[in-house]
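Q: return atomic coordinates for the entry below.
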Amino acid sequence: MFHRILIANRGEIALRVLRACRQLGVEAVVAYSEADRDTLAVQLADEAICIGPADARRSYLSAPAVISAALVTGCDAIHPGYGFLSEDDGFAEVVRAHDLVFIGPPSHVLERFASKEATRRLLAAHGLPTIPGSDGMLRDDAHAIAEAERIGYPVLIKPSAGGGGKGMRMVRSQRELETAMKLCRSEARAAFGDDSLYLERWLEDNRHVEVQIAVDRYGSGVHLGERDCSVQRRHQKILEESPTPALSETARAELCEKAIRAAVAAGYENVGTLEFLVDREGNFYFIEINCRIQVEHPITEMRTGIDLVATQIRIAAGEPLGFTQSDVRQTGHAIELRINAEDAENDFRPGAGVVERYLAPGGPGIRMDSHLYSGYEVPPFYDSLLGKLIAWAPDRATAIARVRSALDELVVEGIVTNVPIHRALLVNDAFLDGRMTTNLLDRVGSAAFLAAAARGQ
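A: Next comes the predicted model:
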């Protein structure tokens, strides 16, 4: 096991990794930007070190700054969290070259899965069904137009690198495609430093379902069930649950078994997530793999009792997985609400400012993963995630009741949050009946969705 780990991230995930380190008896050093010097993770760390200014490109995305921080503080491993450098194969290789361990897939595994389009072809060869898409990366607009005509509109433009919905657009015509291509390339370049794009056929009224896996370096792997991430706004998840209401037990077992079998065969290592779209008929299609811990990992932990961050660390340290598929027990139902600093009434405009008062909810089956505290100043420079409110219960109806009650207890004063959209979702008939699709919010817009909920519709 490691002696000291550098946590190269911020916010709730930095605090989550720190807690896993404490559980394992490993010292934790938190790397922070000047804008994050007062965060809870910095205050609780065994040691903290500033790695640069608020600009993420000069701090959290700066490989030299992160590596130097790890070496200066005597760390033997680096945990990248999610986002930032977490799926950067070049960074992982530099970490290895400095005799440090990257907590995540090794650089050669990250390189193998770096391109979403290439990964789609690789895992299709190992038995996963995929959505029809473009033949390789889009060379230019003319190539995009030709491929879209071949696939058939509507199509989804997707960046080959990164995630979080950045650089993605659904288009229904050539005119929309030509306009969107420029925007997608610009967003992808700014977010990931890579403007490579490809196309997928758009599935109307689709569900977004993902499978959590863990594979050690010795080729032993398990799945830990699936999560439904269909409630989104502009391709970004805001509510997740497990298990999904979209699949029968037979289909659920088939999805999870195919996912872990393909990932192991393709040489995956460490904790990861395979993402799928499910169509109206219940057919599932692989779309991408996330080679890192997911924001929504707590709902899997609540259902299995397995600490996924500790599992990441153990695998990276060279330990065998330590359990088999038959040891994994999934019980009850779990729901996660992403609490963001966003104004749902104004197209989810991000906010910032001082948290004047913060109170976390409690009660049976309730978990709140957040770095907030009263007096904390939310900076305007990063992702808007403030925390995750998670509820577990023996069944879905009780989980919904618990998370609704917990949401009523949650107090975040001084800044705008997306709590109103969650209140509206938790009384929405489509959600309550388990019929939500990825366009539930975008179909009408957040303001109209909130207004309909207020009218009891």
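Q: do I have it right that Arg16 meets Asp369?
A: Yes. Look at Arg16 against Asp369 with C-beta atoms under 8 Å: they come within range, at 5.9 Å. Just so you know, the C-beta spots here come from the backbone N, C-alpha and C atoms, and that holds for glycine as well.
Q: looking at these two, which one has more neighbours?
A: A count of neighbours by other C-beta atoms under 10 Å puts Arg16 above the other of Arg16 and Asp369, at 25 against 21.
Q: the longest strand along the chain pairs with which strands?
A: The residue-count maximum for a strand in the chain (DSSP state E) belongs to strand 221-233. Partner strands and pairing direction for strand 221-233 (DSSP bridges) are strand 207-215 (antiparallel), strand 236-242 (antiparallel).
Q: following the shortest one, which helix or strand shows up next?
A: Read that as strand 236-242. helix 249-265 (DSSP states H and E).
Q: returning to that earlier point: of all the strands paired with strand 221-233, which one is nearest Met181?
A: strand 236-242 (20.5 Å; C-beta to C-beta).
Q: so how far is that closest one off the chain centroid?
A: 9 Å (C-alpha atoms, centre = their mean, to the nearest Å).
Q: which residues sit against it?
A: 164-165, 208, 225-229, 231-232, 295-296, 299-300, 303, 330, 333-338, 340, 396, 399, 418, 421-422, 425 (C-beta atoms under 8 Å, 6 or more residues apart in numbering).
Q: what about the residues you listed, which are in strands?
A: 208, 225-229, 231-232, 333-338, 340.
Q: can you say which of those residues are buried?
A: 208, 225-229, 231-232, 333-338, 340 (16 or more other C-beta atoms under 10 Å).
Q: low-scoring stretches of the stretch 1-150 of the chain, by residue?
A: Under the criterion pLDDT under 70, no range of the stretch 1-150 of the chain is flagged.
Q: circling back to that earlier point, which two from the ones in strands among the contacts of strand 236-242 end up farthest apart in space?
A: Largest pairwise distance in the ones in strands among the contacts of strand 236-242, by C-beta to C-beta, is 25.4 Å, between Gly225 and Asn340.
Q: next, count neighbours for the nearest residue to Glu87 once chain neighbours are set aside.
A: The shortest distance from Glu87 to any non-neighbouring residue, by C-beta to C-beta, 6 or more residues apart in numbering, is to Cys291 (5.0 Å). Using other C-beta under 10 Å, Cys291 is surrounded by 24 other residues.
Q: from Ala48, how far off is Cys291?
A: Using C-beta to C-beta, to the nearest Å, Cys291 is found at 27 Å from Ala48.
Q: rewinding a little: and the strands paired with strand 221-233 as TSV, adding mean pLDDT and distance to Thr119?
A: Listed next are the strands paired with strand 221-233 as TSV, based on pLDDT from 0 to 100; distance: least, C-beta to C-beta, whole Å:
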stretch	mean pLDDT	distance to Thr119
strand 207-215	97	14
strand 236-242	96	20
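Q: for Ala56, which of those is the nearest?
A: Per C-beta to C-beta, nearest to Ala56 of those: strand 236-242, 17.9 Å.
Q: angle of the closest one against strand 333-340?
A: Between strand 236-242 and strand 333-340, the angle comes out at 160 degrees (axes from the mean of the first three to the mean of the last three C-alpha atoms, to 10 degrees).
Q: give me the nearest residue to Arg261, chain neighbours excluded.
A: Closest to Arg261 by C-beta to C-beta, 6+ apart is Gly127, at 6.7 Å.
Q: so which elements touch the helix or strand harbouring Ala448?
A: Assigned by DSSP H and E, Ala448 belongs to helix 446-454. With contacts taken as 3 or more C-beta pairs under 8 Å, 6 or more residues apart in numbering; DSSP states H and E, helix 446-454 sits against helix 419-425.
Q: hey, where'd the helices end up in the stretch 1-150 of the chain?
A: Taking DSSP state H, counting those that start in this stretch as the criterion, the stretch 1-150 of the chain carries its helices at 11-24, 40-44, 63-72, 89-97, 107-112, 116-124, 141-151.
Q: closest to Leu407 out of the ones you listed?
A: The closest of the helices of the stretch 1-150 of the chain to Leu407 is helix 11-24. By C-beta to C-beta, the value is 17.0 Å.
Q: got the buried residues for the closest one?
A: Buried, per 16+ other C-beta under 10 Å, within helix 11-24: 11-21, 24.
Q: distance of the closest residue in space to Asn428 that isn't next to it in sequence from Ala399?
A: Counting by C-beta to C-beta, 6+ apart, Ala453 is the residue found nearest to Asn428 once chain neighbours are left out, at 6.7 Å. Look at Ala453 and Ala399: by C-beta to C-beta, they are 20 Å apart.
Q: more neighbours: those two, which one.
A: Using other C-beta under 10 Å as the criterion, Ala453 and Ala399 rank with Ala399 on top: 23 against 17.
Q: give the contact list for Leu372.
A: So Leu372 contacts 40, 355, 358, 386-387, 412 (C-beta under 8 Å, 6+ apart).
Q: now, the residues you listed that are in helices?
A: If you go by DSSP state H, the contacts of Leu372 have Leu40 in helices.
Q: next secondary structure after the lengthiest helix in the chain?
A: Using DSSP H, we find that the single longest helix of the chain is helix 174-192. Remark: after helix 174-192, the chain's next helix or strand is strand 197-201, criterion DSSP H and E.
Q: against which helices or strands is that next one packed?
A: helix 141-151, strand 155-159, helix 174-192.
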